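Peer 1: just coords:
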């Protein structure tokens, strides 16, 4: 099957049996964008051995997907609202990734997530073939499919573009914006802590307890161990409820993305905490006292 016939196959493949011809065409367009992105991420990752290629586009591709949908439904208030929120989320996250050195003037370079290098030390991934399969299957394919899936509530909104905005939309928008703010504050706290830890800026006393331990325990980290991870999950859980508002159904197929994202963060946080426990003597005690994602404001005596 050549490239032209492959594209025709995708364009005529109604993956989720979308009833609207236009929304089906849009979804197939998004699939084509995803397939090209997968190919580029895999090839660049293999050539450079820098496996943070999906990390670079994680905050950008949902913006692309959203604006593609909006371009076909420019008069839909719901899709406009969703697109604006995704754009705010994406630009903020892109800025945060950029200031940590994630991007470079040479696109395929930039700081690689430190966890990838640790993963390479596992006996299985020391074999070049297994490393390439991991890059293809988990990094390039799975993560790009996940990005499309957690953005897919906007497809449900396109399917039901004739449905007026309702209170569920406003609740979803309010919570999503709130969690974007929480994630912003969390990322700023963590960034300043690391700058002070590396003596790149003067210590102002706000993170004295964290600096003494070697890991973050101040700010939002007093309440949960991963406030930025928790906010990121909550952002896309909130986003899912736009599809509820549009479809009138509490459960639809776009919930798959939300569930897979939560599972990804569960696994990622466990791996991160395994590394932290090995580096910092007090981290296990911190784990016992502070919940992972959901704060406990009312603790029993």
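Peer 2: Done, it's in. Just so it is clear, the model here is predicted, and its values are computed rather than measured.

Peer 1: domains of the chain?
Peer 2: 1-155, 163-296 (automatic domain parsing).

Peer 1: now tabulate those domains in JSON lines and tack on mean neighbour count and mean pLDDT.
Peer 2: Glycine gets a C-beta too; all of them are placed from N, C-alpha and C. Listed next are the domains of the chain as JSON lines, based on neighbours: other C-beta atoms under 10 Å; pLDDT from 0 to 100:
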{"stretch": "domain 1-155", "mean neighbour count": "17", "mean pLDDT": "85"}
{"stretch": "domain 163-296", "mean neighbour count": "16", "mean pLDDT": "95"}
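
Peer 1: residues in contact with the helix or strand residue 133 falls within?
Peer 2: For residue 133, the host element (DSSP states H and E) is helix 128-134. With C-beta atoms under 8 Å, 6 or more residues apart in numbering as the test, helix 128-134 has contacts from 46, 119-120, 124-125.

Peer 1: so which residue is smack in the middle of the protein?
Peer 2: The chain has residue 58 as the residue nearest its centroid, 6.0 Å off, counting by C-alpha atoms, centre = their mean.

Peer 1: the residue lying closest to that one once chain neighbours are set aside: what's it in contact with?
Peer 2: With sequence-adjacent residues excluded and distances taken as C-beta to C-beta, 6 or more residues apart in numbering, residue 58 is closest to residue 147, at 6.6 Å. With contact taken as C-beta under 8 Å, 6+ apart, residue 147 is in contact with 34, 54, 58, 61-62, 65.

Peer 1: which among these gets closest to residue 171?
Peer 2: Closest to residue 171 out of these is residue 62 (20.8 Å), distances taken as C-beta to C-beta.

Peer 1: thought that closest one was touching residue 153?
Peer 2: No - the pair formed by residue 62 and residue 153 falls short of the contact definition of C-beta atoms under 8 Å, at 10.9 Å.

Peer 1: residue 240 is in contact with residue 151, isn't it?
Peer 2: No - Residue 240 is beyond contact range of residue 151, at 10.4 Å (criterion: C-beta under 8 Å).

Peer 1: any residues in contact with both of these two?
Peer 2: residue 257.

Peer 1: the helix ranked longest in the chain: what's the following helix or strand?
Peer 2: Longest among the helix segments of the chain by residue count, using DSSP state H, is helix 167-197. Counting by DSSP H and E, the element after helix 167-197 in chain order, helix or strand, is helix 208-213.

Peer 1: and that next one, what does it pack against?
Peer 2: helix 167-197 (3 or more C-beta pairs under 8 Å, 6 or more residues apart in numbering; DSSP states H and E).

Peer 1: how distant is the helix it packs on from the center of its chain?
Peer 2: How far helix 167-197 lies from its chain's middle: 13 Å, per C-alpha atoms, centre = their mean, to the nearest Å.

Peer 1: residue 120 contacts residue 127, correct?
Peer 2: No - with contacts counted by C-beta under 8 Å, residue 120 stays clear of residue 127, the gap being 10.5 Å.

Peer 1: if we can go back for a sec, tell me which two of the contacts of residue 147 sit farthest apart.
Peer 2: So, the contacts of residue 147 by C-beta to C-beta: farthest apart are 54 and 65, at 14.6 Å.

Peer 1: got the phi and psi for the closest residue to residue 61 other than its chain neighbours?
Peer 2: Nearest in space to residue 61, with sequence neighbours left out and distances taken as C-beta to C-beta, 6+ apart, is residue 147 at 5.3 Å. Backbone torsions for residue 147, taken as degrees, to the nearest 10, come to phi -60, psi -50.

Peer 1: now residue 147: how far from residue 60?
Peer 2: With distances taken as C-beta to C-beta, to the nearest Å, residue 147 is found 10 Å from residue 60.

Peer 1: got the contact list for residue 195?
Peer 2: residue 201.

Peer 1: same check on residue 26?
Peer 2: The contact partners of residue 26, by C-beta under 8 Å, 6+ apart, come to 68-69, 72, 155, 158.

Peer 1: my read: residue 286 touches residue 218, true?
Peer 2: No - the pair residue 286 / residue 218 is not scored as a contact, 11.7 Å apart, by C-beta under 8 Å.

Peer 1: sweet, I'm off.
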